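Enquirer: sequence unknown, structure follows:
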Ligand code: SF4
Ligand code: SF4
């Protein structure tokens, strides 16, 4: 596989169909890198001409903004917008709902107008168009999968159905947690919580969510966010279920089962 | 005798309306303490919200049983107020059932409907009292409700029950008098709910019945006038403010944070110093919010609209897991502080620092730091309140005005600034995964 950067495309006078915005977690976090690779594999297999920014990508500024540091956010945002506009980027796909939310909702008023798509929506489009097809005897056929709505895809942007439609393509049995869709319980990572200790309480948020997910009896917890991934993985461990319950990103599930 | 009753009524009515007007004006002033924001765009979407969220109480239907009961109480209360119009006019002109001759056969049907609604209000309020005090639903019994807020809720429910009982008793006595052929009590026929109960009263003398009817009439209308003046001090103010609050609700996606144009400009000048030459030097703005006047007027309107129902807190992941944060408390604190500032202005004519602020004196850093910005509170609120917006403005103040952040956050900030990522990672490794895949 040859993953090319925007700079490489530009040097050849070409433009890619989409920019794959990888995000910090997808770039640096070892677990999230696997999601990144899975998604890149799907794009490559389907033959989507995509680019990454590579070293030119910076944090969108989301955690700084939500912690209250608008200066750092503005620095990151304005730099990123300069880079994106420099390449005349039109369409961005990202596997991180925090990047998705920031790029889609917060960059436009700073001068960055792009079509921004979360990877679960993009996968749904590829499936609908028949570009992504699943293996006949899928490994998840009839198995129980539960889906965790991330706050930044769900409540923040009202995307509840696309990820579920993608999961349906696996022919699995989709079981819902008690709190799902707009009622979904947070994993505990948002609002820059990922980057500090939780405040004092009776339990951790990811323990609460992990318990709820395990209680569905699902063999797989499907997530759509690298931060939820970390949180839920720990939550499942706390339940002592790390051997029987897997936490996988929707892109990983599809990458495993793509025909 | 009659003219005295009319006079007393007009005085009571006038005083009640004046007092309400005065308090309402003060609340308006308190709301306008907030900084200005434009929330007039997309009127079609706003009217839609007003109809669906306020009139239709759409969010309430996330729990259908409670929603139906609440809808009865609300619709009953509003519609019965049509009857109040007749009562007020009767009171002023000294007539009895002014509308009866005008509406003819329709009148008993109308009153019948009011009576059914009154009975439903009664039942609804009784069930709500049970939920609060006997079943002890968790969100209605959390500690931020200790003291006044808990009593407030019970007073309202009890008052509504009493008012409805007075209304129904009044009608029963009225019909008994009609059956006795008392000339002042024009014949309307039996009302639907109270009709069957008239026989209970038929043995009483005209004098006793008139006394009962008049007492109920007076207590009912005085009760309503008192209730009107109780509203502004109560969580019950939502029956009025839910409407403007739905209209002015934020229409943007919940995940979008408010931009700070001042910071945007400052960073722009830093990144492109060549622009600095033509940039006018502005005042140094305050970053974020420390006290109520730093918030937007919508935040303060939110606070006055809050019903203290706790749906936000019941859905808050931080609160569920035992953290100090409660979005309901954020709203209650904001209202308390706005009231305190309002009182000071009423006394001294202007607001001067009183050594207290919303931040710390009401809302602690620990509460603010527990928020995951998950948006559940905004999602759940039936009256379109956004506690998250207040939390984020207070956080901005903490970090940008006081550089008060947990050590880990400071590290995250400096990592982003230096490595373009929230972790201590080399920017050169950002595409390492791709290099690995390219083989
Ligand atoms: S946004 Fe914050 S306050 Fe609101 S429910 Fe989520 S964690 Fe609680
Ligand atoms: S903010 Fe909304 S949901 Fe929360 S207590 Fe007030 S009215 Fe209820």
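Expert: Sure, I can see it. On a predicted model such as this, the values are computed, not experimentally measured, just so you know. Numbers count the residues shown, from 1 in each chain, chains lettered A, B, ... in the order given. Ligands and ions are numbered 1, 2, ... in the order given.

Enquirer: for residue A:145, helix, strand, or coil?
Expert: strand (DSSP: H, G, I helix; E, B strand; the rest coil).

Enquirer: bridging residues for it?
Expert: As for beta bridges, residue A:145 partners with residue A:174, residue A:220 under DSSP bridges.

Enquirer: what about it, neighbour count?
Expert: Neighbour count of residue A:145, defined by other Cβ atoms under 10 Å in any protein chain shown: 22. Every C-beta, even on glycine, is put in place using the N, C-alpha and C of the backbone.

Enquirer: equivalent analysis for residue B:270, please.
Expert: Neighbour count of residue B:270, defined by other Cβ under 10 Å: 14.

Enquirer: so which residues of chain A form strands?
Expert: A:4-5, A:18-21, A:50-52, A:91-94, A:115-118, A:144-147, A:173-175, A:220-223, A:246-249 (DSSP state E).

Enquirer: list the helices and strands the first one packs on?
Expert: This points to strand A:4-5. strand A:50-52 (3 or more Cβ pairs under 8 Å, 6 or more residues apart in numbering or on different chains; DSSP states H and E).

Enquirer: can you tell me if the strand it packs on touches chain B.
Expert: Yes. Strand A:50-52 comes into contact with chain B (Cβ under 8 Å from any Cβ of the partner chain), by way of residue A:52.

Enquirer: closest one to ligand 2 among the strands of chain A?
Expert: Relative to ligand 2, the nearest member of these by Cβ to the nearest ligand atom is strand A:144-147, separated by 26.1 Å.

Enquirer: quick one: residues in contact with the closest one.
Expert: A:163-164, A:167, A:170, A:172-177, A:180, A:213, A:216-223, A:253 (Cβ atoms under 8 Å, 6 or more residues apart in numbering or on different chains).

Enquirer: ChimeraX command to pick out the buried ones of those residues?
Expert: Filtering the contacts of strand A:144-147 down to the buried ones (16 or more other Cβ atoms under 10 Å in any protein chain shown) takes a single ChimeraX command:
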select /A:163,164,167,170,172,177,180,213,216,218,220,221,222,223,253
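
Enquirer: the closest residue to residue B:409 other than its chain neighbours - how many residues pack around it?
Expert: Spatially, and ignoring its direct neighbours in sequence, residue B:409 is nearest to residue A:67 (5.0 Å; Cβ to Cβ, 6 or more residues apart in numbering or on different chains). Residue A:67 has 30 neighbouring residues, counting by other Cβ under 10 Å.

Enquirer: same check on residue B:24?
Expert: A total of 15 residues lie near residue B:24 under the criterion other Cβ under 10 Å.

Enquirer: swap in residue B:48?
Expert: Counted with other Cβ under 10 Å, residues neighbouring residue B:48 total 15.

Enquirer: from residue B:378, how far out is it?
Expert: Shown here: residue B:48 relative to residue B:378, a distance of 18 Å by Cβ to Cβ, to the nearest Å.

Enquirer: next up, phi/psi of residue A:154, please.
Expert: phi -70, psi -100 (degrees, to the nearest 10).

Enquirer: I figured it hits residue A:181, correct?
Expert: Yes. Using Cβ atoms under 8 Å, residue A:154 makes contact with residue A:181 at a distance of 6.6 Å.

Enquirer: identify the contacts common to those two.
Expert: What both residue A:154 and residue A:181 touch, as defined by Cβ under 8 Å, 6+ apart, is the set residue A:160.

Enquirer: so which residues on chain B come close to ligand 1?
Expert: B:315-318, B:325, B:327, B:371-377, B:387-388, B:391 (Cβ under 6 Å from any ligand atom).

Enquirer: out of those residues, which are inside helices?
Expert: Residues of the residues of chain B next to ligand 1 located in helices (DSSP state H): B:315, B:317, B:318, B:327, B:376, B:377, B:387, B:388, B:391.

Enquirer: restrict the residues you listed to contacts with chain A.
Expert: Okay, of those touching chain A (Cβ under 8 Å from any Cβ), that's B:315, B:317, B:318, B:376.

Enquirer: what about the third one, neighbour count?
Expert: Residue B:318 is surrounded by 28 other residues when neighbours are defined as other Cβ under 10 Å.

Enquirer: the stretch 51-200 of chain B: helices as residue ranges?
Expert: Listed in chain order, the helices of the stretch 51-200 of chain B (DSSP state H, counting those that start in this stretch) span B:64-93, B:99-103, B:106-133, B:148-179, B:198-201.

Enquirer: picking that back up, among the residues of chain B next to ligand 1, which are in reach of ligand 2?
Expert: B:327, B:387.

Enquirer: related to what we said a few turns ago, need the ones in helices among the residues of chain B next to ligand 1 in a markdown table (columns: pLDDT).
Expert: Output for those, formatted as a markdown table (pLDDT from 0 to 100):
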| residue | pLDDT |
| --- | --- |
| B:315 | 98 |
| B:317 | 98 |
| B:318 | 98 |
| B:327 | 98 |
| B:376 | 98 |
| B:377 | 98 |
| B:387 | 98 |
| B:388 | 98 |
| B:391 | 98 |
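
Enquirer: and these, which are buried?
Expert: Among those, those classed as buried by 16+ other Cβ under 10 Å are B:315, B:317, B:318, B:327, B:376, B:377, B:387, B:388, B:391.

Enquirer: and the gap between the closest residue to residue A:148 other than its chain neighbours and residue B:110?
Expert: Sequence neighbours aside, residue A:223 is the residue nearest to residue A:148 in space, at 5.1 Å (criterion: Cβ to Cβ, 6+ apart). Using Cβ to Cβ, residue A:223 is found at 57 Å from residue B:110.

Enquirer: check residue A:40 too.
Expert: According to Cβ to Cβ, residue A:40 and residue B:110 sit 70 Å apart.
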